[in-house]
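Peer 1: with the sequence up front, the predicted model follows.
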Number of protein chains: 2
Amino acid sequence: MATGRTHRPATRSRGIPEATVARLPLYLRALTALSERSVPTVSSEELAAAAGVNSAKLRKDFSYLGSYGTRGVGYDVEYLVYQISRELGLTQDWPVVIVGIGNLGAALANYGGFASRGFRVAALIDADPAMAGTPVAGIPVQHADELEKIVTDNGVSIGVISTPAGAAQQVCDRLVAAGVTSILNFAPTVLSVPDGVDVRKVDLSIELQILAFHEQRKAGEEAVGGSSVDPAAPPVRAATDSSRKGPDGDVPAVMPA
Amino acid sequence: MATGRTHRPATRSRGIPEATVARLPLYLRALTALSERSVPTVSSEELAAAAGVNSAKLRKDFSYLGSYGTRGVGYDVEYLVYQISRELGLTQDWPVVIVGIGNLGAALANYGGFASRGFRVAALIDADPAMAGTPVAGIPVQHADELEKIVTDNGVSIGVISTPAGAAQQVCDRLVAAGVTSILNFAPTVLSVPDGVDVRKVDLSIELQILAFHEQRKAGEEAVGGSSVDPAAPPVRAATDSSRKGPDGDVPAVMPA
DNA sequence: TCATGTGAATACATTCACAGCA
DNA sequence: TGCTGTGAATGTATTCACATGA
(Lines give C-alpha, C1' and ligand atoms only; values in the text may rest on other atoms or scores of the structure.)
Protein backbone atom coordinates (compact mmCIF):
# COMPACT_ATOMS: atom_id res chain seq x y z
CA MET A 1 0.00 0.00 0.00
CA ALA A 2 1.33 3.37 -0.95
CA THR A 3 1.98 5.77 1.89
CA GLY A 4 3.36 8.81 0.12
CA ARG A 5 1.78 12.20 0.06
CA THR A 6 -0.87 13.23 -2.36
CA HIS A 7 -0.33 16.87 -2.98
CA ARG A 8 3.14 18.14 -3.53
CA PRO A 9 3.58 21.34 -1.56
CA ALA A 10 3.16 23.64 -4.55
CA THR A 11 6.83 24.38 -4.81
CA ARG A 12 8.02 26.69 -7.51
CA SER A 13 9.15 25.02 -10.66
CA ARG A 14 12.29 26.43 -12.14
CA GLY A 15 11.29 29.78 -10.73
CA ILE A 16 7.89 29.80 -12.41
CA PRO A 17 5.11 30.07 -9.80
CA GLU A 18 2.46 27.37 -9.85
CA ALA A 19 -0.26 29.94 -10.32
CA THR A 20 1.48 31.13 -13.44
CA VAL A 21 1.94 27.62 -14.81
CA ALA A 22 -1.77 27.01 -14.34
CA ARG A 23 -2.55 30.04 -16.49
CA LEU A 24 -0.16 29.33 -19.33
CA PRO A 25 -2.56 26.90 -21.04
CA LEU A 26 -5.20 29.64 -20.92
CA TYR A 27 -2.93 32.10 -22.65
CA LEU A 28 -1.95 29.45 -25.14
CA ARG A 29 -5.55 28.80 -26.05
CA ALA A 30 -6.26 32.48 -26.57
CA LEU A 31 -3.08 32.87 -28.63
CA THR A 32 -3.92 29.86 -30.77
CA ALA A 33 -7.26 31.42 -31.61
CA LEU A 34 -5.52 34.67 -32.60
CA SER A 35 -3.01 32.72 -34.63
CA GLU A 36 -5.77 31.01 -36.57
CA ARG A 37 -7.20 34.40 -37.40
CA SER A 38 -3.72 35.43 -38.57
CA VAL A 39 -3.43 38.22 -36.02
CA PRO A 40 0.27 39.13 -35.97
CA THR A 41 0.65 40.94 -32.65
CA VAL A 42 -1.37 41.44 -29.50
CA SER A 43 -1.11 43.73 -26.48
CA SER A 44 -1.18 42.50 -22.91
CA GLU A 45 -4.52 44.25 -22.54
CA GLU A 46 -6.13 42.46 -25.48
CA LEU A 47 -4.69 39.06 -24.70
CA ALA A 48 -5.63 39.37 -21.04
CA ALA A 49 -9.22 40.09 -22.02
CA ALA A 50 -9.28 37.06 -24.32
CA ALA A 51 -7.90 34.84 -21.59
CA GLY A 52 -10.13 36.24 -18.88
CA VAL A 53 -7.44 37.68 -16.60
CA ASN A 54 -6.17 41.20 -15.97
CA SER A 55 -3.27 42.60 -17.89
CA ALA A 56 -0.92 43.22 -14.97
CA LYS A 57 -1.13 39.56 -14.02
CA LEU A 58 -0.49 38.50 -17.58
CA ARG A 59 2.59 40.70 -17.91
CA LYS A 60 3.94 39.43 -14.62
CA ASP A 61 3.33 35.88 -15.75
CA PHE A 62 5.17 36.42 -19.01
CA SER A 63 8.01 38.11 -17.19
CA TYR A 64 8.81 34.76 -15.57
CA LEU A 65 9.30 33.22 -18.99
CA GLY A 66 11.52 36.01 -20.29
CA SER A 67 11.19 39.27 -22.14
CA TYR A 68 9.19 38.16 -25.12
CA GLY A 69 7.34 41.39 -25.85
CA THR A 70 8.21 44.64 -27.56
CA ARG A 71 7.65 47.84 -25.60
CA GLY A 72 5.18 50.17 -27.20
CA VAL A 73 3.97 47.37 -29.48
CA GLY A 74 2.95 44.15 -27.75
CA TYR A 75 3.66 40.48 -28.26
CA ASP A 76 4.27 38.57 -31.48
CA VAL A 77 1.53 35.95 -31.52
CA GLU A 78 3.37 33.12 -33.28
CA TYR A 79 6.47 33.61 -31.24
CA LEU A 80 4.57 33.54 -27.96
CA VAL A 81 2.67 30.43 -29.02
CA TYR A 82 5.98 28.74 -29.59
CA GLN A 83 7.55 29.91 -26.35
CA ILE A 84 4.63 28.92 -24.17
CA SER A 85 4.29 25.57 -25.93
CA ARG A 86 7.95 24.92 -25.32
CA GLU A 87 7.71 25.98 -21.69
CA LEU A 88 4.78 23.66 -21.13
CA GLY A 89 6.55 20.82 -22.88
CA LEU A 90 3.99 20.61 -25.66
CA THR A 91 6.57 20.56 -28.41
CA GLN A 92 7.08 16.93 -27.60
CA ASP A 93 4.79 13.95 -27.86
CA TRP A 94 3.07 12.74 -24.70
CA PRO A 95 1.51 9.29 -24.94
CA VAL A 96 -1.28 8.91 -22.37
CA VAL A 97 -3.41 5.99 -21.30
CA ILE A 98 -6.99 6.31 -20.16
CA VAL A 99 -8.08 3.71 -17.63
CA GLY A 100 -11.79 3.17 -17.12
CA ILE A 101 -13.81 3.51 -20.30
CA GLY A 102 -17.26 4.33 -19.02
CA ASN A 103 -19.18 7.37 -20.11
CA LEU A 104 -16.47 9.70 -18.89
CA GLY A 105 -13.59 7.68 -20.27
CA ALA A 106 -15.28 7.63 -23.66
CA ALA A 107 -15.81 11.37 -23.49
CA LEU A 108 -12.13 11.83 -22.75
CA ALA A 109 -11.10 9.52 -25.57
CA ASN A 110 -13.22 11.56 -27.97
CA TYR A 111 -12.03 14.91 -26.64
CA GLY A 112 -10.30 16.78 -29.43
CA GLY A 113 -8.35 19.07 -27.13
CA PHE A 114 -5.91 16.30 -26.34
CA ALA A 115 -4.60 15.48 -29.77
CA SER A 116 -4.24 19.13 -30.69
CA ARG A 117 -1.82 19.77 -27.84
CA GLY A 118 0.78 17.09 -28.21
CA PHE A 119 -1.14 14.49 -26.25
CA ARG A 120 -1.69 11.15 -27.95
CA VAL A 121 -4.08 8.57 -26.56
CA ALA A 122 -1.81 5.54 -26.67
CA ALA A 123 -4.37 3.14 -25.24
CA LEU A 124 -7.76 2.74 -23.62
CA ILE A 125 -7.95 0.28 -20.77
CA ASP A 126 -10.94 -1.22 -19.02
CA ALA A 127 -11.45 -4.02 -16.52
CA ASP A 128 -14.53 -5.37 -18.29
CA PRO A 129 -13.51 -8.26 -20.56
CA ALA A 130 -16.65 -7.69 -22.64
CA MET A 131 -15.30 -4.34 -23.75
CA ALA A 132 -11.98 -5.67 -24.98
CA GLY A 133 -11.62 -5.06 -28.68
CA THR A 134 -14.53 -2.64 -28.92
CA PRO A 135 -13.31 0.53 -30.54
CA VAL A 136 -13.97 3.82 -28.75
CA ALA A 137 -13.02 6.95 -30.64
CA GLY A 138 -11.37 4.64 -33.13
CA ILE A 139 -9.12 3.04 -30.54
CA PRO A 140 -9.76 -0.55 -29.44
CA VAL A 141 -10.23 -1.00 -25.71
CA GLN A 142 -7.69 -3.30 -24.09
CA HIS A 143 -8.09 -5.35 -20.97
CA ALA A 144 -6.65 -4.22 -17.66
CA ASP A 145 -4.37 -7.23 -17.58
CA GLU A 146 -2.34 -5.54 -20.28
CA LEU A 147 -1.83 -2.34 -18.29
CA GLU A 148 1.81 -2.81 -17.32
CA LYS A 149 2.81 -3.98 -20.77
CA ILE A 150 1.05 -1.05 -22.45
CA VAL A 151 2.68 1.49 -20.19
CA THR A 152 6.12 0.03 -20.67
CA ASP A 153 5.90 -0.56 -24.41
CA ASN A 154 4.61 2.93 -25.13
CA GLY A 155 6.79 4.79 -22.67
CA VAL A 156 3.71 6.27 -21.05
CA SER A 157 4.42 8.73 -18.27
CA ILE A 158 0.95 10.27 -17.95
CA GLY A 159 -2.10 8.28 -16.94
CA VAL A 160 -5.75 9.30 -16.76
CA ILE A 161 -7.98 7.51 -14.27
CA SER A 162 -11.71 7.55 -14.99
CA THR A 163 -12.68 4.41 -13.13
CA PRO A 164 -15.18 4.19 -10.28
CA ALA A 165 -13.80 5.46 -6.97
CA GLY A 166 -13.33 1.98 -5.58
CA ALA A 167 -10.89 0.94 -8.27
CA ALA A 168 -8.90 4.16 -8.51
CA GLN A 169 -6.20 3.58 -5.89
CA GLN A 170 -5.43 0.12 -7.19
CA VAL A 171 -5.22 1.35 -10.77
CA CYS A 172 -3.06 4.22 -9.59
CA ASP A 173 -0.66 1.88 -7.81
CA ARG A 174 -0.31 -0.27 -10.90
CA LEU A 175 0.26 2.72 -13.17
CA VAL A 176 2.92 4.09 -10.84
CA ALA A 177 4.59 0.72 -10.48
CA ALA A 178 4.72 0.46 -14.27
CA GLY A 179 6.47 3.82 -14.57
CA VAL A 180 3.76 6.49 -14.79
CA THR A 181 4.80 9.64 -12.93
CA SER A 182 1.84 11.98 -13.61
CA ILE A 183 -1.78 11.15 -12.99
CA LEU A 184 -4.98 12.97 -13.82
CA ASN A 185 -7.65 11.60 -11.52
CA PHE A 186 -11.36 11.89 -12.23
CA ALA A 187 -12.41 9.40 -9.58
CA PRO A 188 -13.77 11.03 -6.41
CA THR A 189 -11.04 9.70 -4.13
CA VAL A 190 -7.82 10.92 -2.62
CA LEU A 191 -4.98 9.02 -4.23
CA SER A 192 -1.82 8.13 -2.36
CA VAL A 193 1.32 8.19 -4.45
CA PRO A 194 5.04 8.11 -3.71
CA ASP A 195 7.15 11.25 -3.83
CA GLY A 196 8.01 12.31 -7.32
CA VAL A 197 4.59 11.43 -8.73
CA ASP A 198 2.23 14.29 -9.54
CA VAL A 199 -1.50 13.95 -9.14
CA ARG A 200 -4.07 16.42 -10.37
CA LYS A 201 -7.71 15.80 -9.71
CA VAL A 202 -10.92 16.87 -11.34
CA ASP A 203 -14.01 16.36 -9.23
CA LEU A 204 -17.27 17.34 -10.87
CA SER A 205 -19.23 17.19 -7.67
CA ILE A 206 -16.79 19.44 -5.82
CA GLU A 207 -17.12 22.17 -8.43
CA LEU A 208 -20.89 22.10 -8.09
CA GLN A 209 -20.64 22.28 -4.32
CA ILE A 210 -18.48 25.38 -4.53
CA LEU A 211 -21.06 26.96 -6.82
CA ALA A 212 -23.81 26.01 -4.39
CA PHE A 213 -21.97 27.77 -1.59
CA HIS A 214 -21.86 31.05 -3.49
CA GLU A 215 -25.38 30.58 -4.79
CA GLN A 216 -26.63 30.20 -1.25
CA ARG A 217 -24.92 33.40 -0.23
CA LYS A 218 -26.54 35.30 -3.07
CA ALA A 219 -29.95 34.07 -1.99
CA GLY A 220 -29.26 35.04 1.59
CA GLU A 221 -28.07 38.53 0.75
CA GLU A 222 -31.01 39.07 -1.53
CA ALA A 223 -33.47 38.19 1.21
CA VAL A 224 -31.86 40.55 3.70
CA GLY A 225 -30.31 43.27 1.61
CA GLY A 226 -31.33 44.89 -1.67
CA SER A 227 -34.53 43.96 -3.39
CA SER A 228 -33.21 42.23 -6.48
CA VAL A 229 -29.73 42.71 -7.88
CA ASP A 230 -27.11 44.74 -6.04
CA PRO A 231 -23.71 43.08 -6.29
CA ALA A 232 -22.04 46.16 -4.80
CA ALA A 233 -23.77 45.72 -1.47
CA PRO A 234 -21.45 45.04 1.47
CA PRO A 235 -21.33 41.57 3.01
CA VAL A 236 -24.39 41.14 5.18
CA ARG A 237 -25.44 38.28 7.39
CA ALA A 238 -27.66 35.85 5.58
CA ALA A 239 -31.12 35.05 6.85
CA THR A 240 -30.07 31.58 7.96
CA ASP A 241 -26.86 32.84 9.53
CA SER A 242 -25.42 32.11 12.97
CA SER A 243 -22.02 30.79 11.99
CA ARG A 244 -19.49 31.09 14.73
CA LYS A 245 -19.55 29.45 18.12
CA GLY A 246 -22.49 27.15 17.59
CA PRO A 247 -25.66 27.44 15.54
CA ASP A 248 -28.89 29.05 16.60
CA GLY A 249 -30.71 28.23 13.39
CA ASP A 250 -31.87 24.80 12.34
CA VAL A 251 -31.27 22.07 14.85
CA PRO A 252 -28.69 19.53 13.68
CA ALA A 253 -29.47 15.84 13.61
CA VAL A 254 -26.77 15.09 16.14
CA MET A 255 -25.11 17.27 18.72
CA PRO A 256 -21.52 16.81 19.83
CA ALA A 257 -20.72 15.23 23.17
CA MET B 1 -23.38 40.30 -26.32
CA ALA B 2 -22.41 40.16 -22.68
CA THR B 3 -19.53 42.36 -21.60
CA GLY B 4 -19.20 41.52 -17.92
CA ARG B 5 -16.22 39.98 -16.29
CA THR B 6 -15.61 36.30 -16.10
CA HIS B 7 -13.81 35.67 -12.87
CA ARG B 8 -15.06 37.38 -9.78
CA PRO B 9 -12.08 38.73 -7.85
CA ALA B 10 -11.96 35.90 -5.35
CA THR B 11 -13.44 37.95 -2.59
CA ARG B 12 -14.02 36.36 0.76
CA SER B 13 -17.46 35.03 1.32
CA ARG B 14 -18.96 35.87 4.65
CA GLY B 15 -15.45 35.76 6.07
CA ILE B 16 -14.70 32.28 4.76
CA PRO B 17 -11.65 32.33 2.45
CA GLU B 18 -12.13 30.92 -1.03
CA ALA B 19 -9.34 28.42 -0.49
CA THR B 20 -11.22 27.09 2.51
CA VAL B 21 -14.52 26.87 0.65
CA ALA B 22 -12.81 24.85 -2.06
CA ARG B 23 -11.67 22.32 0.53
CA LEU B 24 -14.95 21.91 2.38
CA PRO B 25 -16.30 19.41 -0.18
CA LEU B 26 -13.14 17.38 0.33
CA TYR B 27 -13.65 17.24 4.06
CA LEU B 28 -17.28 16.43 3.55
CA ARG B 29 -16.45 13.48 1.35
CA ALA B 30 -13.98 12.10 3.89
CA LEU B 31 -16.48 12.63 6.70
CA THR B 32 -19.26 10.92 4.78
CA ALA B 33 -17.05 7.87 4.34
CA LEU B 34 -16.36 7.83 8.09
CA SER B 35 -20.04 8.27 8.79
CA GLU B 36 -20.90 5.27 6.65
CA ARG B 37 -18.44 3.23 8.68
CA SER B 38 -20.18 4.51 11.81
CA VAL B 39 -17.05 6.17 13.15
CA PRO B 40 -18.28 8.52 15.90
CA THR B 41 -15.38 10.97 16.26
CA VAL B 42 -12.25 11.87 14.37
CA SER B 43 -9.16 13.93 15.14
CA SER B 44 -7.89 16.70 12.91
CA GLU B 45 -4.87 14.53 12.19
CA GLU B 46 -6.92 11.56 10.99
CA LEU B 47 -9.40 13.58 9.01
CA ALA B 48 -6.64 15.60 7.39
CA ALA B 49 -4.94 12.41 6.25
CA ALA B 50 -8.19 11.12 4.78
CA ALA B 51 -8.76 14.36 2.92
CA GLY B 52 -5.19 14.69 1.73
CA VAL B 53 -4.28 17.93 3.51
CA ASN B 54 -2.27 18.72 6.63
CA SER B 55 -3.91 19.01 9.99
CA ALA B 56 -3.01 22.64 10.72
CA LYS B 57 -4.74 23.71 7.54
CA LEU B 58 -7.79 21.66 8.38
CA ARG B 59 -8.08 23.12 11.87
CA LYS B 60 -7.69 26.63 10.52
CA ASP B 61 -10.36 25.92 7.90
CA PHE B 62 -12.78 24.65 10.53
CA SER B 63 -12.07 27.62 12.74
CA TYR B 64 -13.71 29.83 10.11
CA LEU B 65 -16.92 27.84 10.48
CA GLY B 66 -16.95 27.97 14.26
CA SER B 67 -15.72 25.90 17.20
CA TYR B 68 -17.16 22.56 16.31
CA GLY B 69 -14.57 20.31 17.93
CA THR B 70 -13.84 19.15 21.45
CA ARG B 71 -10.34 19.76 22.81
CA GLY B 72 -8.53 16.62 23.73
CA VAL B 73 -11.05 14.55 21.77
CA GLY B 74 -11.65 15.62 18.19
CA TYR B 75 -14.68 16.24 16.03
CA ASP B 76 -18.07 14.56 16.11
CA VAL B 77 -18.43 13.10 12.63
CA GLU B 78 -22.20 13.42 12.20
CA TYR B 79 -22.24 16.91 13.57
CA LEU B 80 -19.48 18.07 11.28
CA VAL B 81 -21.17 16.49 8.27
CA TYR B 82 -24.24 18.50 9.09
CA GLN B 83 -22.40 21.77 9.68
CA ILE B 84 -20.34 21.57 6.50
CA SER B 85 -23.37 20.54 4.47
CA ARG B 86 -25.27 23.49 5.81
CA GLU B 87 -22.39 25.86 5.16
CA LEU B 88 -22.13 24.67 1.58
CA GLY B 89 -25.86 24.94 1.11
CA LEU B 90 -26.32 21.23 0.52
CA THR B 91 -29.20 20.90 2.94
CA GLN B 92 -31.39 22.36 0.25
CA ASP B 93 -32.34 21.07 -3.17
CA TRP B 94 -30.48 22.43 -6.19
CA PRO B 95 -32.10 21.69 -9.52
CA VAL B 96 -29.51 21.81 -12.31
CA VAL B 97 -29.77 21.60 -16.06
CA ILE B 98 -27.13 20.04 -18.27
CA VAL B 99 -26.86 21.55 -21.72
CA GLY B 100 -25.08 19.56 -24.40
CA ILE B 101 -25.66 15.83 -24.14
CA GLY B 102 -22.69 14.40 -25.95
CA ASN B 103 -20.33 11.90 -24.37
CA LEU B 104 -19.46 14.28 -21.58
CA GLY B 105 -23.01 15.43 -20.93
CA ALA B 106 -24.13 11.82 -20.71
CA ALA B 107 -21.31 11.09 -18.29
CA LEU B 108 -22.40 13.99 -16.13
CA ALA B 109 -26.03 12.89 -16.24
CA ASN B 110 -25.00 9.45 -15.05
CA TYR B 111 -22.64 10.74 -12.39
CA GLY B 112 -23.86 9.56 -9.00
CA GLY B 113 -22.03 12.22 -7.04
CA PHE B 114 -24.61 14.80 -7.99
CA ALA B 115 -27.75 13.25 -6.62
CA SER B 116 -26.05 12.28 -3.37
CA ARG B 117 -25.22 15.90 -2.58
CA GLY B 118 -28.47 17.74 -2.97
CA PHE B 119 -28.12 18.27 -6.69
CA ARG B 120 -30.98 17.11 -8.84
CA VAL B 121 -30.73 16.91 -12.61
CA ALA B 122 -33.90 18.75 -13.55
CA ALA B 123 -33.39 18.46 -17.28
CA LEU B 124 -31.05 17.47 -20.08
CA ILE B 125 -30.97 19.79 -23.05
CA ASP B 126 -29.47 19.33 -26.49
CA ALA B 127 -29.65 21.23 -29.76
CA ASP B 128 -29.97 18.09 -31.85
CA PRO B 129 -33.68 17.47 -32.60
CA ALA B 130 -32.92 13.79 -33.21
CA MET B 131 -32.02 13.40 -29.53
CA ALA B 132 -35.25 14.86 -28.21
CA GLY B 133 -37.12 12.28 -26.19
CA THR B 134 -34.22 9.86 -25.97
CA PRO B 135 -33.66 9.01 -22.33
CA VAL B 136 -30.15 9.45 -20.92
CA ALA B 137 -29.63 8.24 -17.38
CA GLY B 138 -33.39 7.81 -17.26
CA ILE B 139 -34.10 11.43 -18.12
CA PRO B 140 -35.51 12.32 -21.52
CA VAL B 141 -33.46 14.82 -23.49
CA GLN B 142 -35.33 18.02 -24.34
CA HIS B 143 -34.70 20.33 -27.24
CA ALA B 144 -32.81 23.58 -26.78
CA ASP B 145 -35.89 25.57 -27.76
CA GLU B 146 -37.32 24.66 -24.37
CA LEU B 147 -34.32 26.02 -22.44
CA GLU B 148 -35.89 29.20 -21.09
CA LYS B 149 -39.11 27.47 -20.13
CA ILE B 150 -37.27 24.67 -18.37
CA VAL B 151 -35.12 27.04 -16.35
CA THR B 152 -38.06 29.17 -15.33
CA ASP B 153 -40.47 26.35 -14.54
CA ASN B 154 -37.95 24.47 -12.41
CA GLY B 155 -36.41 27.48 -10.70
CA VAL B 156 -32.99 26.43 -11.93
CA SER B 157 -30.13 28.62 -10.72
CA ILE B 158 -27.21 26.34 -11.63
CA GLY B 159 -26.44 25.35 -15.21
CA VAL B 160 -23.85 22.94 -16.58
CA ILE B 161 -22.50 23.57 -20.08
CA SER B 162 -21.03 20.57 -21.88
CA THR B 163 -21.56 21.76 -25.44
CA PRO B 164 -18.83 22.25 -28.04
CA ALA B 165 -16.82 25.44 -27.50
CA GLY B 166 -18.54 27.26 -30.33
CA ALA B 167 -21.98 27.02 -28.76
CA ALA B 168 -20.99 27.71 -25.17
CA GLN B 169 -21.24 31.50 -25.02
CA GLN B 170 -24.62 31.53 -26.68
CA VAL B 171 -25.95 28.85 -24.35
CA CYS B 172 -24.48 30.75 -21.43
CA ASP B 173 -26.20 33.98 -22.46
CA ARG B 174 -29.54 32.21 -22.73
CA LEU B 175 -29.13 30.49 -19.38
CA VAL B 176 -28.24 33.76 -17.70
CA ALA B 177 -31.10 35.61 -19.38
CA ALA B 178 -33.46 32.93 -18.13
CA GLY B 179 -32.29 33.39 -14.56
CA VAL B 180 -29.32 31.07 -14.02
CA THR B 181 -26.70 32.67 -11.77
CA SER B 182 -24.09 29.92 -11.46
CA ILE B 183 -22.48 28.09 -14.34
CA LEU B 184 -20.16 25.12 -14.49
CA ASN B 185 -18.43 25.26 -17.85
CA PHE B 186 -16.79 22.25 -19.49
CA ALA B 187 -16.39 23.88 -22.88
CA PRO B 188 -12.86 25.10 -23.58
CA THR B 189 -13.80 28.78 -23.85
CA VAL B 190 -13.75 31.85 -21.67
CA LEU B 191 -17.33 32.77 -20.89
CA SER B 192 -18.42 36.37 -20.45
CA VAL B 193 -21.12 36.88 -17.88
CA PRO B 194 -22.62 39.89 -16.12
CA ASP B 195 -21.67 40.74 -12.56
CA GLY B 196 -23.38 38.57 -10.02
CA VAL B 197 -23.05 35.40 -12.08
CA ASP B 198 -20.45 32.84 -11.00
CA VAL B 199 -18.59 30.74 -13.49
CA ARG B 200 -16.39 27.80 -12.66
CA LYS B 201 -14.63 25.96 -15.41
CA VAL B 202 -13.24 22.49 -15.86
CA ASP B 203 -10.85 22.10 -18.74
CA LEU B 204 -9.49 18.62 -19.28
CA SER B 205 -6.80 19.72 -21.65
CA ILE B 206 -5.50 22.38 -19.27
CA GLU B 207 -5.01 19.86 -16.49
CA LEU B 208 -3.00 17.65 -18.81
CA GLN B 209 -0.87 20.58 -19.90
CA ILE B 210 -0.02 21.40 -16.30
CA LEU B 211 1.01 17.80 -15.76
CA ALA B 212 3.12 17.91 -18.91
CA PHE B 213 4.96 20.95 -17.58
CA HIS B 214 5.98 19.17 -14.41
CA GLU B 215 6.69 15.97 -16.28
CA GLN B 216 9.05 17.81 -18.56
CA ARG B 217 10.88 19.25 -15.60
CA LYS B 218 11.35 15.82 -14.07
CA ALA B 219 12.85 14.55 -17.29
CA GLY B 220 15.18 17.54 -17.51
CA GLU B 221 16.42 17.25 -13.95
CA GLU B 222 16.97 13.56 -14.34
CA ALA B 223 19.15 14.06 -17.38
CA VAL B 224 21.31 16.70 -15.71
CA GLY B 225 21.18 15.95 -12.01
CA GLY B 226 20.91 12.70 -10.07
CA SER B 227 20.87 9.40 -11.89
CA SER B 228 17.33 8.30 -11.20
CA VAL B 229 15.17 9.65 -8.40
CA ASP B 230 16.30 12.49 -6.17
CA PRO B 231 13.43 14.84 -5.40
CA ALA B 232 15.52 16.65 -2.80
CA ALA B 233 17.94 17.95 -5.40
CA PRO B 234 18.02 21.74 -5.80
CA PRO B 235 16.49 23.31 -8.92
CA VAL B 236 18.92 22.82 -11.76
CA ARG B 237 18.80 24.07 -15.28
CA ALA B 238 17.26 21.53 -17.60
CA ALA B 239 19.11 20.24 -20.63
CA THR B 240 16.88 22.20 -22.98
CA ASP B 241 17.01 25.31 -20.87
CA SER B 242 17.73 28.89 -21.87
CA SER B 243 14.66 30.59 -20.47
CA ARG B 244 15.22 34.25 -19.83
CA LYS B 245 16.05 36.91 -22.34
CA GLY B 246 15.65 34.91 -25.51
CA PRO B 247 16.20 31.26 -26.36
CA ASP B 248 19.44 29.66 -27.44
CA GLY B 249 17.95 26.22 -27.92
CA ASP B 250 15.60 25.20 -30.69
CA VAL B 251 14.92 27.87 -33.23
CA PRO B 252 11.32 29.09 -33.15
CA ALA B 253 9.18 29.11 -36.26
CA VAL B 254 8.90 32.86 -36.17
CA MET B 255 11.02 35.51 -34.53
CA PRO B 256 9.62 38.76 -33.19
CA ALA B 257 10.21 42.00 -35.05
C1' DT C 1 4.51 58.19 -27.18
C1' DC C 2 3.08 53.86 -25.91
C1' DA C 3 2.95 49.30 -23.86
C1' DT C 4 6.20 46.26 -21.64
C1' DG C 5 8.68 44.71 -17.58
C1' DT C 6 9.36 45.02 -12.74
C1' DG C 7 10.33 46.74 -7.94
C1' DA C 8 7.35 47.82 -4.07
C1' DA C 9 2.98 47.43 -1.74
C1' DT C 10 -0.74 44.92 -0.66
C1' DA C 11 -3.69 40.94 -0.14
C1' DC C 12 -4.20 36.20 0.56
C1' DA C 13 -2.84 31.46 2.16
C1' DT C 14 -0.18 28.27 4.76
C1' DT C 15 2.46 26.86 8.52
C1' DC C 16 4.27 27.27 13.15
C1' DA C 17 3.90 26.81 17.84
C1' DC C 18 1.58 27.09 21.92
C1' DA C 19 -2.25 28.81 25.06
C1' DG C 20 -6.48 27.00 26.59
C1' DC C 21 -9.84 23.79 27.60
C1' DA C 22 -12.17 19.13 28.07
C1' DT D 1 -2.77 14.73 29.25
C1' DG D 2 -4.03 15.50 24.44
C1' DC D 3 -6.10 17.84 20.86
C1' DT D 4 -8.43 21.95 19.41
C1' DG D 5 -8.35 26.78 18.21
C1' DT D 6 -5.72 30.70 17.00
C1' DG D 7 -2.33 34.65 17.15
C1' DA D 8 2.07 35.38 14.90
C1' DA D 9 5.35 34.32 11.32
C1' DT D 10 6.24 32.99 7.00
C1' DG D 11 5.45 32.13 2.17
C1' DT D 12 2.89 33.02 -2.19
C1' DA D 13 0.06 35.64 -5.34
C1' DT D 14 -1.93 39.80 -7.05
C1' DT D 15 -2.01 44.51 -7.90
C1' DC D 16 -0.06 49.09 -8.25
C1' DA D 17 2.46 52.43 -10.50
C1' DC D 18 6.18 53.93 -13.05
C1' DA D 19 10.93 53.57 -15.06
C1' DT D 20 12.44 51.76 -19.32
C1' DG D 21 13.22 51.32 -24.00
C1' DA D 22 11.42 50.35 -28.74
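Peer 2: Cool, the structure landed.
Peer 1: so residue A:150 versus residue B:142, what's the distance?
Peer 2: Using C-beta to C-beta, to the nearest Å, residue A:150 is found at 41 Å from residue B:142. For every residue, glycine as well, the C-beta is placed using N, CA and C.
Peer 1: who touches the residue nearest the centre of chain A in this structure?
Peer 2: In chain A, the centroid-proximal residue (C-alpha atoms, centre = their mean) is residue A:202; its distance is 6.0 Å. Neighbour list for residue A:202: A:184, A:185, A:186, B:202, B:204, B:207 [criterion: C-beta atoms under 8 Å, 6 or more residues apart in numbering or on different chains].
Peer 1: now do 6 Å
Peer 2: Listed by C-beta atoms under 6 Å, 6 or more residues apart in numbering or on different chains, the contact partners of residue A:202 are A:186, B:202.
Peer 1: need phi/psi at it.
Peer 2: Backbone dihedrals for residue A:202, given as degrees, to the nearest 10, come out at phi -130, psi 120.
Peer 1: which residues touch the helix or strand hosting residue A:29?
Peer 2: Take DSSP states H and E as the rule and residue A:29 turns out to sit in helix A:18-36. Helix A:18-36 has contacts (C-beta under 6 Å, 6+ apart) with A:10, A:42, A:47, A:50-51, A:61, A:64, A:77, A:80-81, A:84, A:88, B:206, B:209-210, B:213.
Peer 1: just how off-centre is that helix within its chain?
Peer 2: Centroid separation between helix A:18-36 and its chain, computed with C-alpha atoms, centre = their mean, to the nearest Å, is 14 Å.
Peer 1: got the residues of the stretch 101-250 of chain A near chain B?
Peer 2: By the rule C-beta under 6 Å from any C-beta of the partner chain, the part of the stretch 101-250 of chain A lying against chain B is A:103-104, A:106-107, A:110-111, A:113, A:117, A:119, A:157-158, A:182, A:184, A:188, A:190, A:195-196, A:198, A:200, A:202, A:204-217, A:229, A:231, A:243-245.
Peer 1: which ones among these are found in helices?
Peer 2: With DSSP state H as the criterion, helices contain A:103-104, A:106-107, A:110, A:113, A:204-217 from among those.
Peer 1: one step back: buried only: go through the residues of the stretch 101-250 of chain A next to chain B for me.
Peer 2: Taking 16 or more other C-beta atoms under 10 Å in any protein chain shown as the criterion, what is buried in these is A:103-104, A:106-107, A:110-111, A:113, A:117, A:119, A:157-158, A:182, A:184, A:188, A:190, A:198, A:200, A:202, A:204-217, A:243.
Peer 1: in the helix or strand of chain A with the lowest mean pLDDT, what counts as buried?
Peer 2: Confidence across the helices and strands of chain A bottoms out at helix A:112-115, with a mean of 84, counting by mean pLDDT, DSSP states H and E. Judged by neighbour count using 16+ other C-beta under 10 Å, the buried positions of helix A:112-115 are A:113, A:114.
Peer 1: what helices or strands is it leaning on?
Peer 2: Packing contacts for helix A:112-115, counted by 3 or more C-beta pairs under 6 Å, 6 or more residues apart in numbering or on different chains; DSSP states H and E, involve no helix or strand.
Peer 1: quick one: contacts of that helix?
Peer 2: With contacts defined as C-beta under 6 Å, 6+ apart, helix A:112-115 is touched by B:188, B:205.
Peer 1: can you map out the strands along chain A?
Peer 2: Ranges of strands in chain A, per DSSP state E, are A:41-42, A:69-70, A:74-76, A:94-99, A:119-126, A:135-136, A:139-143, A:158-161, A:182-185, A:198-201.
Peer 1: run a quick neighbour tally on the single nearest residue of chain A relative to DNA strand D.
Peer 2: Shortest chain A-to-DNA strand D distance, computed as C-beta to the nearest atom of the strand: residue-wise this is residue A:17, at 3.1 Å. Each residue near residue A:17 was counted by other C-beta atoms under 10 Å in any protein chain shown, and the total is 15.
Peer 1: any idea how many residues pack against the closest residue to it other than its chain neighbours?
Peer 2: Leaving aside its chain neighbours, residue A:17 sits nearest to residue A:64 (6.9 Å; criterion: C-beta to C-beta, 6 or more residues apart in numbering or on different chains). Applying other C-beta under 10 Å, we find 17 residues neighbouring residue A:64.
Peer 1: state the distance from residue A:64 to residue B:211.
Peer 2: Counting by C-beta to C-beta, the separation of residue A:64 from residue B:211 is 19 Å.
Peer 1: contact residues of chain A facing DNA strand D?
Peer 2: By C-beta under 7 Å from any atom of the strand, the residues of chain A that approach DNA strand D are A:10-12, A:17-20, A:54, A:56-57, A:59-60, A:70-73.
Peer 1: among these, name the buried ones.
Peer 2: Buried subset of the residues of chain A next to DNA strand D (neighbour count, 16+ other C-beta under 10 Å): A:18, A:20.
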